[in-house]
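Q: need a 3D model of the following:
(one chain, ligands or ions: 1)
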Amino acid sequence: MRILITGGTGFVGQALCRLLAKAEHSLAVVSRNPERAERALGAQGITVTAADTPLAFKDWQPEAIVNLAGESIAGRRWSDAHKRELRESRLNITEHLVMLCEQLAVEGHPPQVMVSGSAMGYYGAQPKAGQPGDVEIDEQATPHDDFNHRLCRDWEAAAMPVTDSGVRLAIIRIGLVMEADGGTLAKLLTPFRFGLGGRLGDGRHYMPWIHRHDLIRIIERLLTDTTLSGAFNASAPHPVTNMGFTHALARALGRPAILPLPATALKLGLGEMSTLLLEGARMVPARLEEAGFRFDYPTLDVAFADILGKD
Ligand SMILES: NC(=O)c1ccc[n+]([C@@H]2O[C@H](COP(=O)([O-])OP(=O)(O)OC[C@H]3O[C@@H](n4cnc5c(N)ncnc54)[C@H](OP(=O)(O)O)[C@@H]3O)[C@@H](O)[C@H]2O)c1
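A: Numbering: from 1, shown residues only. From the prediction side, this is the model:
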């Protein structure tokens, strides 16, 4: 298939490009810096065509689209300007993908499918372990209305119009993606290796997570399985609390994790961005499991054994 990927240069996108290139798909990438994107992926033996807007790929006629681009959520403190950037970086590129699909549909060859990003933040802050209302959060759960929810809700809504062009749309509400070379885990490894890790706040909030290997397999499945559409929770079937995560990582590294970071310090240091570290949802991949998807890394212990065993 000819597959167009936004965010193809990122932590998830590069691994996805490697998987899809191995399966002999033709790849194109939307990047703010097309030359750098071609160089970075080319260095890994992946041939891609890159451009800075989806609309440049009209003549290339993509058969499938994966939409992952967006300003990093955990990159820096959330000022009003940064919150706007978090929204606009996702909404603008998604709206351009919608326009591309409309143009291709007019010509009679719309893409078959678009897999579009979202995150566990869609559900907003949910009850912590042991609190009233602490239940598994499947795709039908009622979200809590906060900034994270509104960002994901609007990102999802921006993608919906592709269905009017006859494109099958699958939305992935991604949990924290685990691999050693990026994302949350890369930030935690050094303090934990020095025995400076510990729970965040009271550690009772949930941290839905997924091994990157399983996430890119999910994306590949959603691209090819024509029976699947709508929203999918893309996280491992065994969500953990922050306390559970902390203990699993310390155990995998053979280090103690005894230095908790108080919630007040995180709120003071990070402002509203601390919600990313102090709130979560007990998200479960109900629809993927219903579709028979089998996770290679269903528990954190097996995921960490794989990831940290490669060091
Ligand atoms: N990693 C996680 O744990 C996690 C969890 C939940 C959801 N997600 C979501 O999944 C997607 C992929 O995650 P990731 O970890 O691979 O992200 P990433 O490494 O930060 O990559 C994001 C990509 O988006 C593009 N991008 C960054 N800022 C942009 C901006 N201001 N305007 C337009 N494009 C921009 C970048 O491409 P160029 O620099 O080439 O333009 C980059 O390749 C993201 O949207 C993220 O929010 C990730």
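
Q: going forward, measure contacts and count neighbours with C-alpha atoms only.
A: Fine.

Q: let me see the contact set for the closest residue to residue 133 other than its chain neighbours.
A: Excluding its sequence neighbours, the residue lying closest to residue 133 (Cα to Cα, 6 or more residues apart in numbering) is residue 127, at 6.0 Å. Remark: with contacts taken as Cα atoms under 8 Å, 6 or more residues apart in numbering, residue 127 is in contact with 133, 134, 205, 281.

Q: next, give me the two most distant ones among these.
A: 133 and 205 (12.7 Å; Cα to Cα).

Q: so between those two, which is more surrounded?
A: Neighbours were counted for residue 133 and for residue 205 using other Cα atoms under 10 Å; residue 205 has more, 27 against 10.

Q: am I right that the more buried one is in contact with residue 278?
A: Yes - counting by Cα atoms under 8 Å, residue 205 does reach residue 278; the two are 6.4 Å apart.

Q: next, the residue lying closest to residue 206 once chain neighbours are set aside: phi, psi?
A: Once flanking residues are discounted, residue 206 sits nearest to residue 241: 4.0 Å by Cα to Cα, 6+ apart. Main-chain dihedrals, residue 241, degrees, to the nearest 10: phi -80, psi 170.

Q: start the count at 271, not 1, going forward
A: Let's use 271 as the start, then, which means that last one is residue 511.

Q: so who does residue 511 touch?
A: 399, 473, 474, 475, 476, 477.

Q: does the second one touch residue 513 like I think?
A: By that I understand residue 473. Yes - taking contacts as Cα under 8 Å, residue 473 lies within contact range of residue 513: 4.5 Å.

Q: higher neighbour count, those two?
A: Remark: of residue 473 and residue 513, residue 473 carries more neighbours, 24 against 20, as counted by other Cα under 10 Å.

Q: for the more buried one, phi and psi?
A: Torsion angles, degrees, to the nearest 10, at residue 473: phi 70, psi 10.

Q: need the contact list for it.
A: Applying Cα under 8 Å, 6+ apart, the residues near residue 473 are 511, 512, 513, 548.

Q: need the pLDDT of it.
A: pLDDT for residue 473: 94.

Q: how far away is it from residue 426?
A: 29 Å (Cα to Cα, to the nearest Å).

Q: what residues does the stretch 271-420 of the chain have near the ligand?
A: The stretch 271-420 of the chain comes close to the ligand at residues 277-283, 301-303, 307, 338-342, 359, 387-389, as judged by Cα under 6 Å from any ligand atom.

Q: in helices, which of the residues you listed fall?
A: Assignment to helices by DSSP state H places the following of these there: 281, 282, 283, 307, 359.

Q: is any part of the helix or strand harbouring residue 503 close to the ligand?
A: Per DSSP states H and E, residue 503 falls inside strand 500-504. No - Strand 500-504 does not reach the ligand (Cα under 6 Å from any ligand atom); its nearest approach is 9.0 Å.

Q: that strand - contacts with which helices or strands?
A: strand 438-444, helix 556-560 (3 or more Cα pairs under 8 Å, 6 or more residues apart in numbering; DSSP states H and E).

Q: any idea of the mean pLDDT in the shortest one?
A: Looking back up the chat, that one is helix 556-560. Rounded mean pLDDT across helix 556-560 is 98.

Q: list of residues touching it?
A: So helix 556-560 is in contact with 408, 409, 502, 503, 504, going by Cα under 8 Å, 6+ apart.

Q: for this structure, name the helix or strand with the lowest mean pLDDT.
A: helix 533-540 (a mean of 80; mean pLDDT, DSSP states H and E).

Q: mind listing what's buried in it?
A: 533, 536, 537, 540 (16 or more other Cα atoms under 10 Å).

Q: same deal with stretch 357-376?
A: 357-358, 360-361, 363-375.

Q: one more: stretch 419-437?
A: 419-426, 428-433, 435-437.

Q: about what we covered before: residues in contact with the strand holding residue 503?
A: Here strand 500-504 has contacts from 390, 408-409, 439-445, 480, 485, 488, 553-558, using Cα under 8 Å, 6+ apart.
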